[in-house]
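Enquirer: Provided below are the primary sequence and the corresponding predicted coordinates.
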Amino acid sequence: MRKVLFVINTLGVGGAEKALLEMLEFLRDRELSIDLYVLLGRGELMGRVPAHVRLLNRRRDCGSVLDKAGRRALAARSAACFFRYGHWAGKLGAVARSLPAMVRRGRLQPDKLLWPVIAAGARRPEEPYDAAVAWVEGGSAYFVARHVRAKRKVAVVHIDYGRSGYTRAMDGDCWAAFQRIFVVSEEIRAPFLRMHPACAEKLRVLPNLIDPAAIRRRSAEPGGFADGWQGPRLLTVGRLTYQKGFDLAIQAMRILKDRGYEARWYVLGEGELRSSLEKQIAALGLEEDFLLLGAVENPYPYYAQADIYVHATRFEGRSIAIQEAQSLGRPMVVSDCSGNRLQVTDGQDGLLCPLEPAVIAQAVGALLDDPDLRRRLGRAAIERTQPGRGDAGGLLEALTGGDLV
């Protein structure tokens, strides 16, 4: 039986994390002995690791990685990793190489800045593996590349690498250690290769796995909206980060209110921008209209109870949230950006629009005004949903060496 290690940065309620749990289920009964290591040892989904997977973390915390407690845990983890195993100059050097690029871009991203330090100081598995998988970019990729002994190393990239904040200086020689690199959609292949052209022969596409039937079952569980609002509900699911474009969504909601629409917009997710978004909401007088509900372990009752799903993001790899909304037949408004345009066909199973507040408001307003259009788009969305488990064969081959011979 082959021994396989999966490594992921956190197990919060994000798309990559959910996709990992689906992959681990897919690999059940595949004659693999599977270990999982979560670099930060934290996340709401820590309790949902399948029973056939051995979780290596000594300490496990089911708290959010994105709220204040999560940020404190990140700081404590980073400090511990800085001192573990020594090599302090090298760790400081990794931060120093990455910081100037972030300053030039005007966007300081502490998590990305600290991933090299965390990867270098995270506890290393003593045993060797037949294969090791870095499930996401950043810390897990650096850790598997440099600190895991494995005959075969595989990585999965979930984001538009060119817009994510990663740089060549930050990555160093990380990607040279992998025999196979998967991207979750064809559209994010090019941005990755622009930064790492030497990896062209290693790249393959591995779409996220979802289980639509399980999503529909969980949507019927207790939960969902509890505020008693009787009007239309808009829903967005995503971390409160720059990528997800909530600053623009808030502006779009103000435009909708000014045009006389009575609706509420709800957000499921947590993140470092919560404070600034709350200030923007208050400044625009939307405290009762644009509601940040935080992260929840089961978002599916919210999807099922929402009238419209909105996914107005700056960039994506392949959005699990869109797939979840499609599984539940939600009509949706989606920004026309990398990743999103591969998942939604404008006018057929959703509305694609430029990422501009006025245009987002116009598209949402069109759906609010037209119940028949909402029903038609929702039916088409659910018909488009496919389980997608057959696509996982490429990863299974990479783990067993079948596609690398």
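Expert: Yes, it's here.
Enquirer: Now the element after the one helix or strand in the chain whose mean pLDDT sits lowest, going C-ward?
Expert: The helix or strand of the chain with the poorest confidence is helix 88-105; it has a mean of 72 (mean pLDDT, DSSP states H and E). Per DSSP states H and E, helix 88-105 leads on to helix 110-121 as the next helix or strand towards the C-terminus.
Enquirer: returning to that earlier point: please work out the angle formed by the directions of the least confident helix or strand of the chain and helix 110-121.
Expert: Here helix 88-105 points in a direction 160 degrees away from that of helix 110-121 (axes from the mean of the first three to the mean of the last three Cα atoms, to 10 degrees).
Enquirer: residues making contact with helix 88-105?
Expert: 82, 108-109, 112-114, 116-117, 120-121, 165, 167, 169-170, 172 (Cβ atoms under 8 Å, 6 or more residues apart in numbering). For the C-beta atoms, the positions are set from N, CA and C on the backbone; glycine is no exception.
Enquirer: most surrounded residue in the residues you listed?
Expert: Within the contacts of helix 88-105, neighbour counts (other Cβ atoms under 10 Å) peak at residue 116, which reaches 26 neighbours.
Enquirer: Give me the pLDDT for it.
Expert: pLDDT for residue 116: 88.
Enquirer: Report how many residues lie close to the residue lying closest to it once chain neighbours are set aside.
Expert: Nearest non-adjacent residue to residue 116, counting by Cβ to Cβ, 6 or more residues apart in numbering: residue 94, 3.7 Å away. Counted with other Cβ under 10 Å, residues neighbouring residue 94 total 22.
Enquirer: Please apply the same query to residue 396.
Expert: 15.
Enquirer: Could you list the buried residues of the host helix or strand of it?
Expert: For residue 396, the host element (DSSP H and E) is helix 393-400. Residues 394-395, 398-400 are the ones in helix 393-400 that count as buried (16 or more other Cβ atoms under 10 Å).
Enquirer: ok, so of those residues, who is nearest residue 341?
Expert: Nearest to residue 341, judged by Cβ to Cβ, of the buried residues of helix 393-400 is residue 394 at 23.1 Å.
Enquirer: Report the contact partners of the closest one.
Expert: Taking Cβ under 8 Å, 6+ apart, one finds 182, 204-206, 403 in contact with residue 394.
Enquirer: Of these - the most surrounded one?
Expert: residue 206 (24 neighbours).
Enquirer: A strand includes residue 265, no?
Expert: Yes - secondary structure of residue 265 (DSSP: H, G, I helix; E, B strand; the rest coil): part of a strand.
Enquirer: what's the distance between the nearest residue to it once chain neighbours are set aside and residue 14?
Expert: Nearest residue to residue 265 in three dimensions, chain neighbours excluded: residue 234, at 4.2 Å (Cβ to Cβ, 6+ apart). Counting by Cβ to Cβ, to the nearest Å, the separation of residue 234 from residue 14 is 21 Å.
Enquirer: returning to that earlier point: pull the most distant pair out of the contacts of residue 394.
Expert: Applying Cβ to Cβ across the contacts of residue 394, the maximum distance is between 205 and 403, 12.8 Å.
Enquirer: thinking again about what came up before, okay, the helix holding residue 396 in CSV with CA atoms only?
Expert: The C-alpha trace of helix 393-400 is given here as CSV (Å, rounded to 0.1, in the frame of the first residue of the first chain):
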residue,chain,number,x,y,z
GLY,A,393,-8.1,10.2,-12.2
GLY,A,394,-5.2,12.4,-13.3
LEU,A,395,-4.2,13.0,-9.7
LEU,A,396,-4.6,9.4,-8.8
GLU,A,397,-2.2,8.5,-11.7
ALA,A,398,0.3,11.1,-10.5
LEU,A,399,0.2,9.6,-7.0
THR,A,400,0.8,6.1,-8.2
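Enquirer: okay, and for the stretch 251-400 of the chain, where does confidence drop off?
Expert: Residues of the stretch 251-400 of the chain that meet the criterion pLDDT under 70 lie in 386-393.
Enquirer: Now do the helices in it.
Expert: All helices of the stretch 251-400 of the chain, identified by DSSP state H, counting those that start in this stretch, fall at 274-283, 300-305, 320-327, 340-343, 357-369, 371-384, 393-400.
Enquirer: How about residues contacting the shortest one?
Expert: Just to be clear, that refers to helix 340-343. Outside helix 340-343, the residues that touch it by Cβ under 8 Å, 6+ apart are 185-187, 311, 313, 316, 318-319, 322-323, 326, 334, 352.
Enquirer: Could you give the separation of it from the chain centroid?
Expert: 15 Å (Cα atoms, centre = their mean, to the nearest Å).
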